[in-house]
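Colleague: From the sequence below, what's the structure:
(chains A and B)
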Amino acid sequence: MNVQLAERPLATVFPGPATALAPSKTKITARDVNVFYGEKHAIKDLSVDIPDRSVMSFIGPSGCGKSTFLRCINRMNDTIPICRVTGKIEIDGQDIYDPQLDPVQLRARVGMVFQKANPFPKSIYDNVAYGPRIHGMARTGTDLDQIVSESLEKAGLWNEVKDRLGDSGTSLSGGQQQRLCIARAIAVSPEVVLMDEPCSALDPIATAKIEELIDELRTNFCIVIVTHSMQQAARVSQRTAFFHLGVLVEEGPTEQIFSVPHDRRTQDYITGRFG
Amino acid sequence: MNEHIVKSYDAEFSEIDRTTAQMGGLAETLLADAFAALERRDPALAEKAVVSDRAIDQLEHQLQERAIVMIAKRQPMANDLRHIMTVMKIAGDLERIGDLAKNIAKRAMAVSRESTPEPLMSGLRHMTELAQRQLKDVLDALSALSAEKALLVWRSDASLDALYNSVFRELLTYMMEDPRNIGLCTHLLFGAKNIERIGDHTTNIAENVYFLVTGSTIADDRPKSDDTSTIFISRPPQ
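Modeller: Have a look, this model is predicted:
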């Protein structure tokens, strides 16, 4: 008897909200990316396509290069003198390492949220208004008010802070500060939002709020998130990439990576067997 | 398979594997005792079989509780998650096998005073032997984590179905020959059906072992040759 194996892609197993969106076009294309910190070869021949309007998570042990690669996407590594990036990274077909391109303009298109919430020591209002102001996005005060309220609303923080916009951003709780940073990042209408372990300093409730927020934001943005929580990657992302020792070992639909990973190293890592 | 960084996680897996193996062993003994009780018309042995089914039930409860705690505590991924889920399902099948074997033992008590013609028993004996081999092989496939062995068991169930078919027809013939056989033959017929169902549970287990090992399901329809449910029985000619 000839037994056929079920070759059904696991992404079709749960056709719920996480996978309901039609596959979107590629937003970010990386080809043969190598990153060196002085002598250290931090990323080796990395190529990946990151789709628009969805969440991709990067997972892997500490020092595997996931944050390094994330920082390549908005040229944050430019600020490190010994760091050298080769290969090609394109956003919508545009080479972001083109010498003609202004990194400041690029970072308006590619926002970033860090592990530790880092609001400016300014009012809640000014934290969000800062970017739109320096990029000249609001012609009038009313325009700016609207950008601030909309950004805070999208970040799920509006109701909690609308009566105290003049308070210092640092007076908020940790989870609120992180949502303020997300509001600040999206205030300049970026196309891509990079998040480097955005929940690692938050309690489970604040984490759930950020995860809910990420799920809402993905309808408008391309989101890339670095996380050490496998469960978080499984919950929030549509695609997952596993990094190990500077190599992108495996990339695929999140359901597949966490249920039937193809590479032994991925399986060992996600099941807690890595030596 | 590499060990987990957290050693107690491996210990928990060993624990649920051991419990499953224990359930498998008990189910094998129970089936052997139940049939021996039927064949030798030994009510004491039948009683023993009925009692030992309770141990299987208890182990299944124990295993389910442990599996739930493991899921809550460890949030297993990939092959670990498949491992826990399939072990739970396999335990469910073993528990059903225990129930079916127990039912044979109960029928053994019911017919213990009847004399059973040898030709009637030989079909059932043959069926039991096949079911026992399937059960043993699938438990071996589980402990060896062998998808190939599991596939062999899965395919072999067709012969048990075919044998059940012929036993069914044979018992019908006896009943038609002499209505005084109907009481005994009905018990034997249910016994045969139970053995056939045990075979079905071993193929369920085989499917789960296959999934555990490969991460894929067997896509083919299970080979079936039990057509007794569509046989029409006409009245014997007067």
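Colleague: and the residue of chain A nearest chain B?
Modeller: residue A:260 (3.8 Å; Cβ to the nearest Cβ). C-betas here are computed from N, CA, C, even on glycine.
Colleague: my guess is that residue meets residue B:215, correct?
Modeller: Yes - under the criterion of Cβ atoms under 8 Å, residue A:260 makes contact with residue B:215 at 3.8 Å.
Colleague: Now the residue nearest to residue B:167 when sequence neighbours are not counted: which helix or strand?
Modeller: Counting by Cβ to Cβ, 6 or more residues apart in numbering or on different chains, residue B:123 is the residue found nearest to residue B:167 once chain neighbours are left out, at 4.0 Å. Using DSSP states H and E, residue B:123 maps to helix B:118-144.
Colleague: Against which helices or strands is that helix packed?
Modeller: Judged by 3 or more Cβ pairs under 8 Å, 6 or more residues apart in numbering or on different chains; DSSP states H and E, the packing partners of helix B:118-144 are helix B:7-40, helix B:147-177, helix B:182-214.
Colleague: for the record, mean pLDDT for it?
Modeller: Mean pLDDT, helix B:118-144: 94.
Colleague: How far off centre is that helix?
Modeller: In terms of Cα atoms, centre = their mean, to the nearest Å, the centre of helix B:118-144 is set 9 Å apart from its chain centre.
Colleague: what do you get for stretch B:59-72?
Modeller: Centre to centre, stretch against its chain (Cα atoms, centre = their mean), the figure for stretch B:59-72 is 22 Å.
Colleague: can you tell if that stretch touches chain A?
Modeller: No - Stretch B:59-72 lies out of reach of chain A by Cβ under 8 Å from any Cβ of the partner chain, never closer than 12.0 Å.
Colleague: Buried residues, that stretch. List them.
Modeller: Buried residues in stretch B:59-72, defined by neighbour count with 16 or more other Cβ atoms under 10 Å in any protein chain shown: B:59, B:60, B:62, B:63, B:64, B:66, B:67, B:70.
Colleague: ok, of those, which one's closest to residue A:168?
Modeller: residue B:70 (45.8 Å; Cβ to Cβ).
Colleague: What angle do helix B:7-40 and the one helix or strand the closest one maps to make with each other?
Modeller: Secondary structure from DSSP H and E places residue B:70 in helix B:43-74. Helix B:43-74 runs at 160 degrees relative to helix B:7-40, counting by axes from the mean of the first three to the mean of the last three Cα atoms, to 10 degrees.
Colleague: Show me what helix B:43-74 is packed against.
Modeller: helix B:7-40, helix B:78-110.
Colleague: Make sure residue A:193 is indeed in a strand.
Modeller: Yes - judged by DSSP: H, G, I helix; E, B strand; the rest coil, residue A:193 forms part of a strand.
Colleague: any idea how far it lies from residue A:103?
Modeller: 17 Å (Cβ to Cβ, to the nearest Å).
Colleague: Name the residue in these two with the higher neighbour count.
Modeller: Set side by side, residue A:193 and residue A:103 show more neighbours around residue A:193, with 24 against 15, by other Cβ atoms under 10 Å in any protein chain shown.
Colleague: show me the residues around that one that make contact.
Modeller: A:110, A:111, A:112, A:113, A:182, A:185, A:186, A:217, A:221, A:222, A:223, A:224 (Cβ atoms under 8 Å, 6 or more residues apart in numbering or on different chains).
Colleague: which SS class is the second one?
Modeller: Here residue A:111 takes the strand state, with states given by three-state DSSP.
Colleague: How about the fifth one?
Modeller: Taking three-state DSSP as the rule, one finds residue A:182 in the helix state.
Colleague: doesn't residue A:216 make contact with it?
Modeller: No - using Cβ under 8 Å as the test, residue A:182 is too far from residue A:216 to be in contact (10.8 Å).
Colleague: circling back to that earlier point, let me know the closest of the buried residues of stretch B:59-72 to chain A.
Modeller: The closest of those, once distances to chain A are taken by Cβ to the nearest Cβ, is residue B:70, at 12.6 Å.
Colleague: before we move on, the earlier item: what's the closest of the buried residues of stretch B:59-72 to residue B:184?
Modeller: Of the buried residues of stretch B:59-72, the one sitting nearest to residue B:184 (Cβ to Cβ) turns out to be residue B:60, at 32.8 Å.
Colleague: Can you get me a residue count around residue B:44?
Modeller: Neighbours around residue B:44, by other Cβ under 10 Å: 10.
Colleague: Could you do residue B:162 as well?
Modeller: Applying other Cβ under 10 Å, we find 16 other residues in the vicinity of residue B:162.
Colleague: what's the answer for residue A:231, then?
Modeller: By the criterion of other Cβ under 10 Å, residue A:231 has 11 neighbours.
Colleague: Surely it is in contact with residue B:74?
Modeller: No - look at residue A:231 against residue B:74 with Cβ under 8 Å: they stay out of range, at 11.0 Å.
Colleague: Residue A:182 and residue A:216: which has the busier surroundings?
Modeller: Neighbour tally, residue A:182 and residue A:216, criterion other Cβ under 10 Å: the higher count belongs to residue A:182, 26 against 13.
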